[in-house]
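Engineer: what's the 3D shape of this:
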Amino acid sequence: MKHILVVDDDPDTLALVADILHMLDYAIETARNGAEAMDRLARGRPDVVLLDLTMPVMDGWAFLQACRADPRYADIPVVVMSGAPAAAEAVRRFGVQRIAKPFDIVPLLATVQETAGQ
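Structural biologist: Here you go, the predicted model:
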């Protein structure tokens, strides 16, 4: 079973994505910001991180910088979920994938499956 970490400060988005992935037999963990996500990484390495960029406490940009700077987490695949024009910069700078918000669930699932190596 593939392990997915979903990181988003919007409780509706977080619940929707987590519920759908859980129904498809993924092991799901959630975090409401980058700091919580870093704590989750310390407890277990996910196969994929789905990441919002705009969050309080520690945003997605800071999370990506922290992950890529730590050799334990540097190679974890990340899919940025963001409608912000600056998200294209995250793709270029950090080598992540991107799903634009608002997103359709089918392309999101296809991206997760591809990224998780299924």
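Engineer: immediately after the helix or strand of the chain with the lowest mean pLDDT, which helix or strand?
Structural biologist: Sorting the helices and strands of the chain by mean pLDDT, DSSP states H and E puts helix 87-94 at the bottom, at a mean of 76. Next helix or strand after helix 87-94 toward the C-terminus (DSSP states H and E): strand 97-99.
Engineer: partners of that following strand in the sheet?
Structural biologist: strand 78-81 (parallel) (DSSP bridges).
Engineer: tell me the mean pLDDT for the strand it pairs with?
Structural biologist: The average pLDDT within strand 78-81 is 91.
Engineer: Next: stretch 99-111.
Structural biologist: 85.
Engineer: ditto for stretch 7-21
Structural biologist: 94.
Engineer: roughly how far is that stretch from the heart of the chain?
Structural biologist: 11 Å (C-alpha atoms, centre = their mean, to the nearest Å).
Engineer: Buried residues, that stretch. List them.
Structural biologist: 7-9, 13-14, 17-18, 21 (16 or more other C-beta atoms under 10 Å). Every C-beta, even on glycine, is put in place using the N, C-alpha and C of the backbone.
Engineer: Can you tell me what sits against that stretch?
Structural biologist: Contact with stretch 7-21 is made by 4, 6, 28, 30-34, 36-37, 49-52, 54-56, 60, 63, 81, 101, 105, 108-109, 112, as judged by C-beta atoms under 8 Å, 6 or more residues apart in numbering.
Engineer: out of these, which are buried?
Structural biologist: Using 16+ other C-beta under 10 Å, the buried ones in the contacts of stretch 7-21 are 4, 6, 28, 30-34, 36-37, 49-52, 54-55, 60, 63, 81, 101, 108, 112.
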